[in-house]
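[1] okay, sequence plus prediction incoming.
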Amino acid sequence: MVWWGANARLSRGLVAVVAILVFLSLYQSGRLSHELHAQGQELGLRDVSRIHPNTRRELLGDGSREATLVARYIQLHDAAMALPRVDAPGINATAGSSSSAKPKVTLVVCAGDPTKFWAGELREGVDASCNVPCNVTYDRKRDSEASIFAVVLDRAEWGDTKSISPPLPTGAGESGDRHVLGITLENNMGRRLAQPAHRSTQLPFEQRARAKGKFDFSLIATYELDSLLPILYPEFPLFVDEHKSSTREGLTADAERRHAKIFVAISNCHAAIVPNRLSLAEDMSAASGVPLASFGRCLEDPAARREMEGLERGSGEYINVMRRHLWCFVPENSYGTDYVTEKVWHALRSGCVPIYMGAPNVAAFLPSRDAVVHVQDFPTVDALANYIRRLTKDRRLLVEKHQAWREAARLPQHMYDLERLSEKHAGSSFACRVCHCARGHLGCPSPAAPP
C-alpha cells in the first residue's frame, strides 16, 4: 500500500507537470484569445449608457448604439444653435464685479493648466459666434462669477478635482448650484475615476471605495459618444476630408510599391493592454517573416528613430514616412468603447493597412470593417502571422480584402454624421457648446440654481 501510494503521488505529480507544460504551450500559441482580458471585457464591452444609465434599452432600442447616439446629439445640438440669439451687455465684465446678481453672461472659468485644454479648445475671451452670451477665462479671481467650471482630467488629476489649485469653491459640482465639467480624451476606464459623482454607484465596490471623495464634477466631455459633450479626435475629420476615390489598378500599383514591412511607432512601453503590444509586434513579425520598422521609443531602431526626429505626429512628413510601408501596427494603449485614437487615422491617411487592437466597436468608426485587420479575429499569433505573410505576397488579394472601400467616391454616410461631432464640422465652437450645456441645453442637466 505504501508503494502504491508513493507511485500514485508520483503519477499525479507527472500528470501535473505535463498539464503545466501543455498549458504553457497552448498559452504561447493562443495568446490572442486573451486580447479582451477581464478588464477589457468588463469595461470595453459594457452596455451601460452614460446618458441614462438604467434605461439603455429604452433609449437605444435595438438599433445601432453609435448611430443612435450621434443622431441624438446632432438633433440636440442643432436645436440649441437654432435658438434666437441673445446678446447681453457687460459681457466683458471685469474681475471682482459683484456676483450677487444673476450673471447675464455664461462665464466659463477654466481651472488648471491652460496648455492641457487640448481635448476641447477653450479660447480665452468672448465667443462672438455663439448665440448665447459666452465668455471664457482662465482668471481664477473670477470664480465667484462663474456659471460653470471646466477642468481637464489629464494624468495629473485623473478625476480628482480636489487636486486643482486653488481649490474649486464650495457649491461647485454635483450637489452645488454651478456645474463642473470634466474634459478628457484619455481612456480613464481602467482607473474609473473620470466619471461624475452620480455614476459612482455603478462602479464595483472596491473601485467605489478608491474613488470616494474624488467625484467633484457633475458633467463630462470625452471621446465617448454617450458623454454629454462628445469630442472626436481631430485626426478623424482630416481622414474624412482627405478621402479621394481610387481605381483598383491604382491601389494595386501603390501596394506593389510599398516596403514589405510593418510600421510601428510605440513610445509608451508599459501600456497595460493584453496581449502586450511589444511582444505581439515581435512575435507577429518573427512568425510572418515580415520585418518591423520601429520608429518609437519602444523596440527602438536607432536609424528609424533618427528619421522621425523632429517630426510632429500626424504631420505631412510623418504620414509620408508611414506611406512607404505596406502594414501599420496601430494598437491602442487600452480597451474602451469608442476609444478610437489618432493612431488608426494616421494609418488610414497614409494608405497602409492598419493592424488594429483596441476599441471593440471600432468598426462603427470605419468606412468598412475590412479597412483594418482586427487582431481579435485571429485565435493565435501564428494565424495572424500567416494571414500577413499571405497578403504580403499577394498584393492584389490585400487590396481586394482591405482597400476596396477606397474605390467609392464618397465614404459611407455614418462617417459624415460622426464628423459633425468634431470641432471642425460641428457648426459651433466647443466653448459655445459648454455655455449651452451650462444653461441646461444639449441634454445637460440644469444645476440646482441654473446660471
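    Received, thanks.
[2] which residues in the stretch 301-450 of the chain form helices?
    Counting by DSSP state H, counting those that start in this stretch, the stretch 301-450 of the chain has helices at residues 302-308, 316-323, 342-350, 381-393, 395-402, 413-419, 430-438.
[3] Ile266: which of these is closest?
    Taking CB to CB, helix 342-350 is the member of these nearest to Ile266, at 9.4 Å. Quick note: C-beta positions are derived from backbone N, CA and C, even for glycine.
[4] hmm, who's touching the closest one?
    Defining contact as CB atoms under 8 Å, 6 or more residues apart in numbering, one finds that helix 342-350 is touched by 233-236, 238-239, 242, 263, 313-314, 318-320, 322-323, 325, 328, 330-332, 353-354, 356, 358, 362, 365-366, 371-372.
[5] now the buried members of those.
    Buried by 16 or more other CB atoms under 10 Å: 233-236, 238-239, 263, 314, 318-319, 322-323, 325, 328, 330-332, 353-354, 356, 358, 362, 365-366, 371-372, out of the contacts of helix 342-350.
[6] before we move on, back to that, please identify the most buried of the helices of the stretch 301-450 of the chain.
    Among the helices of the stretch 301-450 of the chain, judged by mean count of other CB atoms under 10 Å, the one packed with the most neighbours on average is helix 430-438 (a mean of 26).
[7] what average pLDDT does that helix get?
    Mean per-residue pLDDT for helix 430-438: 93.
[8] now for it, which elements pack on it?
    Packing contacts for helix 430-438, counted by 3 or more CB pairs under 8 Å, 6 or more residues apart in numbering; DSSP states H and E, involve helix 65-81, strand 106-111, strand 134-137, strand 148-152, strand 179-183.
[9] list of residues touching that helix?
    Contact with helix 430-438 is made by 77, 80-81, 106, 108, 120-123, 127, 129-134, 136, 147-148, 150, 179, 181, 219, 221, 228-229, 231, 423, 426, 442, 444, 447, 451, as judged by CB under 8 Å, 6+ apart.
[10] just the buried residues of those residues.
    Buried subset of the contacts of helix 430-438 (neighbour count, 16+ other CB under 10 Å): 77, 80-81, 106, 108, 120, 122, 127, 130-134, 136, 147-148, 150, 179, 181, 219, 221, 228-229, 231, 426, 442, 444, 447, 451.
[11] what's the distance between Asp370 and Pro354?
    From Asp370 across to Pro354, the span is 11 Å (CB to CB, to the nearest Å).
[12] then Leu391?
    Computed as CB to CB, the Leu391 to Pro354 distance reads 13 Å.
[13] now Ala221
    Noted for Ala221: a distance of 27 Å to Pro354, by CB to CB.
[14] got it, and Trp345?
    Going from Trp345 to Pro354 by CB to CB gives 9 Å.
[15] of the helices and strands packed on helix 430-438, which is nearest Ile164?
    Proximity to Ile164, assessed across those by CB to CB, is greatest for strand 106-111 (4.8 Å).
[16] note down every partner strand of the closest one and its orientation.
    With DSSP bridges as the test, strand 106-111 is paired with strand 134-137 (parallel), strand 148-152 (parallel).
[17] ok, and what's touching it?
    Under the contact criterion CB under 8 Å, 6+ apart, strand 106-111 has outside partners 117, 122, 124, 132-140, 142-143, 145-151, 161, 164, 168, 431, 434-435, 438-439, 451.
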